[in-house]
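A.B. asks: Sequence first, then the predicted structure:
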Amino acid sequence: MSSVTLRLSVMMFLQFFIWGGWFVTLGTFLGNSLGATGSEIGMAFSTQSWGAIIAPFVVGLIADRYFNAERVLGVLHLIGALLMYQMYQAQNFGNFYPYVLGYMTAYMPTLALVNSVSFGQMQDPSKEFGKVRVWGTVGWIVAGLVISYGFSWDSTEAIAGGMLRNTFLLCSLVSLLMGLFSFTLPATPPKVAGESTGLREILGIDALSMLRERNFLIFFLSSILICIPLAFYYQNANPFLTDIGVENATGKMTIGQMSEVLFMLALPVFLNRFGIKITLLLGMFAWALRYVLFAYGNADSGVLLLLTGIALHGICYDFFFVSGQIYTNAKATEHSRSAAQGLITLATYGVGMLIGFAVAGQITDMYTQQDERIWASIWLFPAGFAFVVLVLFGFIFKTEKVSANA
């Protein structure tokens, strides 16, 4: 492994260690330590969507035009370290929310920046990027294992004692490290003036013409809708598992990231053998199935159902979202591919999940009685919603061939 590849791998590890180190247990912390309602927890998670909406402007209007990507990355993580420390100190939701909103506004653009820094150092990104990006997934997994099995901050006693607050302190320190480390990364200067990203590309306006095609429009709308059940997982999975007594819930949830790596390897086989429609339908079906498993699983005799539901994350994410990115890339013209990816990301992680977190908060409050959550009813809602999207997509979307190499 070369020195540059090693540094890029460390960058990816730290980038996703930070995210996995606090975001997974956020709902549990807010509900138990700050007494937040379901709607308030939804507000906190929706800051990810606001960050995703703002991110293209930060990257396209600043990093792509005026400053080196690694320097912008470093500054944003240093700002993030300060905001994360303020989240650690917050004693109520009213104080916590402005800091998490500010943090996600700073963090979400860094997801694109680490890619920009990586691509800027690679001769053949299609062959080299995967070997670097996989360390991000490893970082997320290690964060969960450290929290669960290293510090046991997500145990029943630790949660009752407010120990989950320490995840913010840990991630603040790692953010500080990441911020300083970013300035040692290889220089990634902005694009020259002639290649500068325009406002039309940032907003994905050049890709809007793709929506005139019936199949892509159906896929686009389905992507937004399927993000509604997706939001339930991010927001409620960890609180659910800890609430029903699953020990080391955060560590067990890393099974989802492990399966993500495995199913990523299987994705090209499915795409080439069964086509894009069947692959997307399998991804949607996995969302519906996992929530049914959550609805009827428990921490005792039904723990296998819960673990299976977590392990389905690889199919849920890879077979719909990653294959959807491949489909979008194949449908776009060479000139509009970046704009098309920006448009679909803005629609899913921006608009779709913004709606999803709001719905998840309302449904959670609806099925909460005297501080007791009726989890079976909460999970059956996204299961039914995902199944409806699945059926509609299956009937309306026409079969077409898309290469996994697109």
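C.D. replies: Yes, it's here. Numbering: from 1, shown residues only.

A.B. asks: any idea where the helices of the stretch 51-200 of the chain begin and end?
C.D. replies: In the stretch 51-200 of the chain, the segments counted as helices under DSSP state H, counting those that start in this stretch are 69-89, 93-120, 125-145, 156-160, 166-182, 199-202.

A.B. asks: Now do the first one: which elements does it pack against?
C.D. replies: Same thing as helix 69-89. helix 3-22, helix 93-120, helix 166-182 (3 or more C-beta pairs under 8 Å, 6 or more residues apart in numbering; DSSP states H and E). All C-beta atoms are positioned from the backbone trio N, CA, C, and that covers glycine.

A.B. asks: least reliable of those going by mean pLDDT?
C.D. replies: Of all the helices and strands packed on helix 69-89, helix 93-120 carries the lowest average pLDDT, namely a mean of 91.

A.B. asks: between that helix and helix 69-89, what angle do the directions make?
C.D. replies: Helix 93-120 runs at 160 degrees relative to helix 69-89, counting by axes from the mean of the first three to the mean of the last three C-alpha atoms, to 10 degrees.

A.B. asks: Ser148 and Val246 touch, don't they?
C.D. replies: No: with contact defined as C-beta atoms under 8 Å, Ser148 does not reach Val246; the gap is 10.5 Å.

A.B. asks: From the recorded domain assignment, give the ranges for this structure.
C.D. replies: 1-184, 206-406 (automatic domain parsing).

A.B. asks: coming back round to it: how about the helices of the stretch 51-200 of the chain in a markdown table, adding distance to Leu354 and mean neighbour count?
C.D. replies: Shown next, in a markdown table, are the helices of the stretch 51-200 of the chain (distance: least, C-beta to C-beta, whole Å; neighbours: other C-beta atoms under 10 Å):
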| stretch | distance to Leu354 | mean neighbour count |
| --- | --- | --- |
| helix 69-89 | 20 | 21 |
| helix 93-120 | 12 | 21 |
| helix 125-145 | 22 | 19 |
| helix 156-160 | 28 | 14 |
| helix 166-182 | 23 | 21 |
| helix 199-202 | 19 | 16 |
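
A.B. asks: Distance to Thr188 added to the ones you listed, as CSV?
C.D. replies: Formatted as CSV, those follow (distance: least, C-beta to C-beta, whole Å):
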stretch, distance to Thr188
helix 69-89, 4
helix 93-120, 4
helix 125-145, 13
helix 156-160, 41
helix 166-182, 10
helix 199-202, 18
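
A.B. asks: looking at the ones you listed, which is closest to Ser46?
C.D. replies: Among the helices of the stretch 51-200 of the chain, the nearest to Ser46 by C-beta to C-beta is helix 93-120 (9.1 Å).

A.B. asks: which helices and strands sit right next to that closest one?
C.D. replies: helix 3-22, helix 38-58, helix 69-89, helix 125-145.

A.B. asks: Quick check: phi and psi on Thr368?
C.D. replies: phi -120, psi 120 (degrees, to the nearest 10).

A.B. asks: can you pull the contacts of the residue lying closest to it once chain neighbours are set aside?
C.D. replies: Excluding the flanking residues, the one nearest Thr368 by C-beta to C-beta, 6 or more residues apart in numbering is Gly38, at 6.3 Å. Contacts for Gly38 (C-beta atoms under 8 Å, 6 or more residues apart in numbering) come out as Ala360, Gly361, Gln362, Ile363, Thr364, Asp365, Thr368.

A.B. asks: Among those residues, which ones are in strands?
C.D. replies: Residues of the contacts of Gly38 located in strands (DSSP state E): Thr368.

A.B. asks: Quick one: buried ones out of the contacts of Gly38?
C.D. replies: Ala360, Gly361, Ile363, Thr364, Asp365 (16 or more other C-beta atoms under 10 Å).

A.B. asks: Mind telling me the two of those residues farthest from one another?
C.D. replies: Ala360 and Asp365 (9.8 Å).

A.B. asks: ok, the buried ones among the contacts of Gly38 vs Gly352, which is closest?
C.D. replies: Ala360 (12.2 Å).

A.B. asks: What pLDDT does the model give the closest one?
C.D. replies: 95.

A.B. asks: thought it was touching Tyr233?
C.D. replies: No: contact between Ala360 and Tyr233 fails when scored by C-beta under 8 Å: they sit 9.0 Å apart.

A.B. asks: Same list, the buried ones among the contacts of Gly38, but as JSON lines with distance to Phe67 please.
C.D. replies: Below are the buried ones among the contacts of Gly38 laid out as JSON lines (distance: C-beta to C-beta, whole Å):
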{"residue": "Ala360", "distance to Phe67": "37"}
{"residue": "Gly361", "distance to Phe67": "37"}
{"residue": "Ile363", "distance to Phe67": "42"}
{"residue": "Thr364", "distance to Phe67": "41"}
{"residue": "Asp365", "distance to Phe67": "43"}
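
A.B. asks: From those, which land in helices?
C.D. replies: Among the buried ones among the contacts of Gly38, DSSP state H puts Ala360, Gly361, Ile363, Thr364, Asp365 in helices.

A.B. asks: Neighbours of Phe219, how many?
C.D. replies: 23 (other C-beta atoms under 10 Å).

A.B. asks: Pull out the buried residues from the host helix or strand of it.
C.D. replies: Using DSSP states H and E, Phe219 sits in helix 214-243. The neighbour-count check on helix 214-243 (16+ other C-beta under 10 Å) flags 215-216, 218-243 as buried.

A.B. asks: tilt between that helix and helix 38-58?
C.D. replies: 130 degrees.

A.B. asks: If you compare the directions of helix 214-243 and helix 125-145, what angle comes out?
C.D. replies: Using the same axes, to 10 degrees: helix 214-243 against helix 125-145 is 20 degrees.
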